[in-house]
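Participant: Sharing a sequence plus its predicted fold:
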Amino acid sequence: MKHKLNILYDATLIGHVTSNRTRRGIYFVVVNVLRELMRRDDVNIILYYHPDLVSSFDYFVGQIRELFPDQKIPLIANEKGNLFNQSEVDVVLNTWLWIPEFLNNINVTKFLFVYDMMGLLQPGYDDFLTPGGWFQRVCESIVPTNYIITDSKSAKDDILKLFPNMDRNQIAVSYLAADPSKFYRVSESERTSFLRKIGLKSTDKYIFALCAIETRKNLITNIVSFIKFVEKHNIDNFYFIISGANWDAFAETLDDYISKSPALKKFIKRVGYVHDLSLIHI
């Protein structure tokens, strides 16, 4: 019988997030990659969560049950319980965290998802560089003995620039994609009703930006370019819609910036959190 690949999968973020409004893009990566792996017959999943970053074991299990109601809960392991022998793990796949310390000496292939290097490249992210903090510890796991998965060629180039000891061939780019099962055509009346809720008419044109409201999303640069385009072409029914939860004090900076210009106040609309089920209407 063919040996199934035993994957220790970092699902910490699933138990770390406590509200739908605080989910970010990375959360959906963690969930959807796990969903695909759990559908496969050639792998066994062992779920890992960092015990200090999840409120409780029961909460973590509850989130897994809610996300995967038709699946058997995999074995769950971390530093504080259900430890395993080296022979029980073939691959470590860390989707959000650093490689846990207790795995450093286990001689198995380790993959680390690294989404970007903005903490090192973008001013204003000093808290990311706190010794012992999340981002700093992720950076400490970017070493030649580990493999890196990132979601853009730009991010790969940044990693190679900042960590020149890494081999280019050990960094793979896997582009993000939408789940086709979640997107389908809705009736015109449903779409019109949704647009009305965010202050638009069915005949209006718009760009919809769905992201955390934070500095590195480049929102001010984007809306400045948008306003220049609208004014250059004398368009009066084209809008820039910004949806997403506030990350930090940048949200106030953005609102202050928008309030200073009549054009910005007219064409830029902040609509806050939009539920997953409503995104189909965009």
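Facilitator: Done, it's in. Residues are numbered from 1 along each chain as shown.
Participant: Quick one: residues contacting the nearest residue to Leu112 once chain neighbours are set aside.
Facilitator: Leaving aside its chain neighbours, Leu112 sits nearest to Asn94 (4.9 Å; criterion: Cβ to Cβ, 6 or more residues apart in numbering). Any C-beta I mention is one placed from the backbone N, CA and C, and that applies to glycine too. Residues in contact with Asn94 (Cβ atoms under 8 Å, 6 or more residues apart in numbering) are 10, 100, 110-113, 141.
Participant: By pLDDT, give me the weakest of those residues.
Facilitator: Minimum pLDDT for these is recorded at Pro100 (84).
Participant: What separation is there between it and Asn94?
Facilitator: Using Cβ to Cβ, to the nearest Å, we find Pro100 at a distance of 8 Å from Asn94.
Participant: next one: Pro144
Facilitator: To Asn94, Pro144 is 16 Å away according to Cβ to Cβ.
Participant: ok so, going back, from the contacts of Asn94, which is closest to Val186?
Facilitator: Nearest to Val186 out of those is Phe113 (Cβ to Cβ; 32.6 Å).
Participant: I'd say the closest one and Trp96 touch.
Facilitator: Yes. Counting by Cβ atoms under 8 Å, Phe113 touches Trp96, with 6.9 Å between them.
Participant: from the contacts of Asn94, which two are the most distant?
Facilitator: For the contacts of Asn94, the farthest-apart pair by Cβ to Cβ is Pro100 and Phe113; their separation is 14.2 Å.
Participant: Please list the outside residues in contact with stretch 267-276.
Facilitator: Stretch 267-276 is contacted by residues 20-21, 182, 198-200, 210, 223, 226-227, 230, 238-245, 254-255, 258 when judged by Cβ under 8 Å, 6+ apart.
Participant: Type out the PyMOL command that picks the buried ones from those residues.
Facilitator: The buried residues among the contacts of stretch 267-276 can be selected in PyMOL (16 or more other Cβ atoms under 10 Å) with this line:
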select buried, resi 198+200+223+226+227+230+239+240+241+242+243+244+245+254+258
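Participant: Just the buried residues of the helix or strand where Ile26 lies, please?
Facilitator: Taking DSSP states H and E as the criterion, Ile26 maps to helix 25-38. Residues of helix 25-38 classed as buried: 27, 29-31, 33-34, 37-38 (neighbour count, 16+ other Cβ under 10 Å).
Participant: The helix or strand following it - contacts with which helices or strands?
Facilitator: Scanning forward in sequence from helix 25-38 by DSSP H and E, the next helix or strand is strand 43-48. When contacts are defined as 3 or more Cβ pairs under 8 Å, 6 or more residues apart in numbering; DSSP states H and E, strand 43-48 sits against strand 5-10, helix 25-38, strand 75-77.
Participant: Columns distance to Ile149 on top of these, output as JSON lines?
Facilitator: Below are the helices and strands packed on strand 43-48 laid out as JSON lines (distance: least, Cβ to Cβ, whole Å):
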{"stretch": "strand 5-10", "distance to Ile149": "12"}
{"stretch": "helix 25-38", "distance to Ile149": "10"}
{"stretch": "strand 75-77", "distance to Ile149": "22"}
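Participant: Phe128: which of the ones you listed is closest?
Facilitator: Among the helices and strands packed on strand 43-48, helix 25-38 comes nearest to Phe128, with 14.1 Å by Cβ to Cβ.
Participant: That closest one to strand 43-48, inter-axis angle?
Facilitator: Calculated by axes from the mean of the first three to the mean of the last three Cα atoms, to 10 degrees, helix 25-38 forms an angle of 140 degrees with strand 43-48.
Participant: same for helix 25-38, what does it pack against?
Facilitator: Applying 3+ Cβ pairs under 8 Å, 6+ apart, one finds that helix 25-38 contacts strand 5-10, helix 12-16, strand 43-48.
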